[in-house]
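K.L.:
Structure here, sequence nowhere to be found:
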Ligand code: NDP
């Protein structure tokens, strides 16, 4: 088994390091995905809300890589929550991606103020799993209380919880809860992109600790952060539209951080979230229509 493989709680194997496409414009998505597959990525993470699933599907088709060799992950947006609506969201996603089956389908957010709808959406994922239309199901941005409510009301433990994790925001308690239930933590903004594109006070790419470690190996801060995720047992899905960075972010399998270096990165946590507060996600504020395929 390669170093880039993680086994999910239902036995399905998933590449640990994948490719993200949040904010990748639809017209450049297929090129970015094709380039990522060319340099070795075998997991692509998209979402209905990114409006670029079609580009992801085109890029995979153009790559010439067999469908079974690419792990496709996408997310259902909150506007499509509800049992029937979420079943239909699967049809929309697969229609745009041009595939019959998804490897991993996750709920993009909990809807704390309409949790019954969140549960109905998850029950639709369970149905898709039982019918063999998806190989694994999961969630994203679920906090411990959301996971507890979900686990109490449904049957299938999510395979994955995709959450914001980078050196400046690590959510260690949430990661502990994920692990306790056998849920894999998958890091979004794994190299702290959100600390640069969201006007934070400091960006992970300029962090002195990360740069010092990077210099020891002749690597970049981004590569050090990705090693840190992999060695801590997390999946990570860095995004770039630039060929040189796409390659750089996958070139992380030829060095290993020491336990002391891992600990010094753990110590960079500021506790400051970059993304939206999960508890504050409402349909009123975030409703958006997801187009048909
Ligand atoms: P990342 O941590 O992947 O960082 C991406 C940003 O960093 C982009 O601005 C990119 O710019 C830049 N970048 C990429 N590689 C490098 C590098 N080697 N050196 C310097 N800069 C670099 O952040 P994302 O927020 O995009 O998260 C990754 C993925 O996680 C998303 O694409 C998406 O798939 C998922 N995600 C999920 C969320 C959720 O709610 N579930 C929320 C946010 C993201 P450029 O493209 O110009 O290279």
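P.N.:
Cool, got the structure. Worth saying up front: this structure is predicted, and the values here are computed from it rather than measured.

K.L.:
So for stretch 204-211, mean pLDDT?
P.N.:
Mean per-residue pLDDT for stretch 204-211: 97.

K.L.:
Near the ligand, which residues of the stretch 1-150 of the chain? Just list them.
P.N.:
For the stretch 1-150 of the chain, the residues in contact with the ligand under the definition CB under 6 Å from any ligand atom are 20, 21, 22, 45, 108, 140, 141. C-betas here are computed from N, CA, C, even on glycine.

K.L.:
can you pull the contacts of the fifth one?
P.N.:
Going back to what we said before, that points to residue 108. By CB atoms under 8 Å, 6 or more residues apart in numbering, residue 108 lies in contact with 47, 48, 49, 75, 76, 77, 78, 140, 141.

K.L.:
Now do the fifth one against residue 32, distance only.
P.N.:
I take that to be residue 76. Counting by CB to CB, to the nearest Å, the gap from residue 76 to residue 32 is 23 Å.

K.L.:
repeat for the first one
P.N.:
Summarising the geometry, the distance separating residue 47 from residue 32, computed by CB to CB, is 15 Å.

K.L.:
can you check the second one too?
P.N.:
From residue 48 over to residue 32 the distance is 18 Å, taken as CB to CB.

K.L.:
Could you do the last one as well?
P.N.:
Residue 141 sits 24 Å away from residue 32, going by CB to CB.

K.L.:
again with the fourth one
P.N.:
Using CB to CB, we find residue 75 at a distance of 18 Å from residue 32.

K.L.:
Residue of this structure nearest the ligand, please.
P.N.:
Distances between the chain and the ligand by CB to the nearest ligand atom are smallest at residue 193, namely 2.0 Å.

K.L.:
Name the nearest residue to that residue, sequence neighbours excluded.
P.N.:
Nearest-residue entry for residue 193: residue 239, 6.5 Å, with adjacent residues in sequence omitted and distances by CB to CB, 6 or more residues apart in numbering.

K.L.:
residues in contact with that neighbour?
P.N.:
By CB under 8 Å, 6+ apart, residue 239 lies in contact with 19, 20, 21, 22, 23, 24, 193.

K.L.:
The last one: how many residues sit nearby?
P.N.:
Applying other CB atoms under 10 Å, we find 22 residues neighbouring residue 193.

K.L.:
which ones are touching it?
P.N.:
Neighbours of residue 193 in contact, by CB under 8 Å, 6+ apart: 166, 238, 239.

K.L.:
Now that we're looking at the last one, what pLDDT does it have?
P.N.:
Which is residue 239. Per-residue confidence (pLDDT) for residue 239: 98.

K.L.:
For it, give its distance to residue 201.
P.N.:
Computed as CB to CB, the residue 239 to residue 201 distance reads 22 Å.

K.L.:
Do a quick rundown of the helices in this structure.
P.N.:
Ranges of helices within the chain are 26-39, 53-63, 83-97, 115-130, 144-153, 172-180, 194-197, 208-217, 221-231, 243-248, 259-266, 283-286, based on DSSP state H.

K.L.:
what mean pLDDT would you report for the longest one?
P.N.:
Taken as a whole, helix 115-130 carries a mean pLDDT of 98.

K.L.:
Which two among the contacts of residue 108 are spaced furthest apart?
P.N.:
Largest separation among the contacts of residue 108 by CB to CB: 48 and 141, giving 14.7 Å.
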